[in-house]
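Trainee: When you get a sec, could you give me coordinates for this:
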Amino acid sequence: MSEAGRPLGLCRAVRRAAWSAVAAGAVVSGLYAVMGLMGHGAHLLPPVVFVVLVLVGRPLAVLGGRTLLTGDGIVARRPPLRRVVPASRVGLVKLRRGLLLEWPVLCLRDGGLVELAAPARFWFRADPEFDRDLDALRAHVRAHASVVTRPQRGVLRPATGPLLTAIAVALVLIDPPWASDAWPLRRHARRLPDACQMFDTQARALLPGATVDRMLSRVDDGPHVARHACQWNSTRLAADGTTLVVIGRLSVVIELEHGVGPVSDAEEAHRDFVRETRIDAGEYETRIPRLGDEAELIDVRPGSNLTWVVVAVHRANIEEKIDLMYRDRTREREAARAAEGLARLGLSEIHFNRT
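Mentor: The predicted model follows:
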C-alpha cells in the first residue's frame, strides 16, 4: 500500500496548546527532577520518569500524531504506534470527545475501533480546518463503502489521558519544587541579631525589674549553626529577707542553621523544631496559625502553681523558642499572647533573603 496521499493534521489551536504544554511540562518536570533528586536521591527516579513521560511525552505524542489518506487505505500514526487500515474495512467515522479535544474514530466492519490522532480540535471551539479534514476522511471512507455495522463503544482511552495527567500533577504537588529548601527563590536568613538587644525592652515590660542572666545568655556562631540565647529573671526577696525568689523568667533562643552534609539548612531547622515541640505527659500543645512555616504553643506543667508557656517557631533555616514563666497560675492567657507576640517580633527582626 503506497504512503502517498493526503495528510490530515492537528488544527492550529491544538498545535499551539500542545507546544505550550510541552514547554510548561518541561519546566515543571525539570524542576521536579532536579529538586527531587537533590532532596531524595535516586529512589525518586521512578516518579520523576513518570512525570516527565506524562507532562512532556504526552503532548509530544499529540504533536507527532498524523493521519494519511492513501489510495485504498488510511495510515494512522499515533506515536509510538503506526497502523494501516484498508478503507474497505471502515464502516463508519464517528467523533470521540475527551476532556478538551475531539477526534475521529474509525468504526470497523468487524466491530473494532481505530482512534486517529489527527485531525483533532478543541470540542468547544469551531475550526474550519478540522471540518475540511473530517469531510475528506468521510468522503474517502464513502468511496470504499461497505456494509455499515454497529460500532463498539469504549471510554478507556478518553479517561486514561486526564487520569495520567492528574496523577503526574498530584506527584508534583505532593513535593513541589518551589517548596524545596534548594529552590533558588526561597528566602533564607544569613545572620542573627543579638537576642538580648532585640527583646530587652519587651522583656522588662513583661517582667518588671528583670535583669539579664549572663550565665545563660550567649552568642555561639559555629560552622553548622549560629545560636543566640538570652534569659531575663525577675526576682523578689523571700520572707526571710535574704533569699531571692524567681517570680518570672523569659528565655529566648534563636538558631540559624547552615545545614550538615546532605541535610539542608531548612530541614535541620525543622528537625530542631520537632525536637523542641515534643511534649511530656500532661502537657498541652496547640498549633499557631500564620506564624512562620510551623509554630506550636506548649502549656508546660498545667495544674501546677506556675504559668509556663513555650512557643516554638520554624521558618526557613531559623528555629526560635520563647520560654515564658510566671509564678502565678492565673496568667495563662496573658503569657500565651505575650510569648506569641515575642515570637512574631523575633521573626520580623530577622532578614530573610533569596538564595
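Trainee: For whatever helix or strand residue 248 lives in, which helices and strands make contact with it?
Mentor: Under the criterion DSSP states H and E, the helix or strand holding residue 248 is strand 244-257. Counting contacts by 3 or more CB pairs under 8 Å, 6 or more residues apart in numbering; DSSP states H and E, strand 244-257 packs against helix 195-206, strand 225-237, helix 265-276, strand 318-326, helix 332-348. In this view, the C-beta of every residue, glycine as well, is placed from N, C-alpha and C.
Trainee: Residue 289 is nearest to which of the ones you listed?
Mentor: Among the helices and strands packed on strand 244-257, helix 332-348 comes nearest to residue 289, with 10.7 Å by CB to CB.
Trainee: between that closest one and strand 318-326, how many degrees?
Mentor: Angle between the axes of helix 332-348 and strand 318-326 is 150 degrees (criterion: axes from the mean of the first three to the mean of the last three CA atoms, to 10 degrees).
Trainee: Format the CA atom coordinates belonging to helix 332-348 as CSV.
Mentor: Presented in CSV, the C-alpha positions along helix 332-348 are these (Å, rounded to 0.1, in the frame of the first residue of the first chain):
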residue,chain,number,x,y,z
GLU,A,332,-2.1,31.7,81.3
ARG,A,333,-3.8,33.7,78.5
GLU,A,334,-1.6,36.7,79.1
ALA,A,335,1.5,34.6,78.9
ALA,A,336,0.4,32.8,75.7
ARG,A,337,-0.3,36.1,74.0
ALA,A,338,2.9,37.6,75.1
ALA,A,339,5.0,34.6,74.0
GLU,A,340,3.4,34.5,70.6
GLY,A,341,3.9,38.3,70.2
LEU,A,342,7.6,37.9,71.1
ALA,A,343,8.0,35.1,68.5
ARG,A,344,6.4,37.2,65.8
LEU,A,345,8.7,40.1,66.8
GLY,A,346,11.8,37.9,66.6
LEU,A,347,10.9,36.7,63.1
SER,A,348,10.2,40.3,61.9
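Trainee: Can you give me the distance of residue 260 to residue 102?
Mentor: Distance from residue 260 to residue 102, counting by CB to CB, to the nearest Å: 55 Å.
Trainee: wait, I meant residue 336
Mentor: With distances taken as CB to CB, residue 336 is found 60 Å from residue 102.
Trainee: which one of residue 260 and residue 102 has more residues nearby?
Mentor: A direct count of neighbours by other CB atoms under 10 Å for residue 260 and residue 102 places residue 102 higher, at 18 against 14.
Trainee: Kindly confirm my reading that that one forms part of a helix.
Mentor: No - going by DSSP: H, G, I helix; E, B strand; the rest coil, the assignment for residue 102 is strand, not a helix.
Trainee: between the helices and strands packed on strand 244-257, which gets nearest to residue 107?
Mentor: It's helix 265-276; of these, that one is closest to residue 107 (CB to CB) at 56.5 Å.
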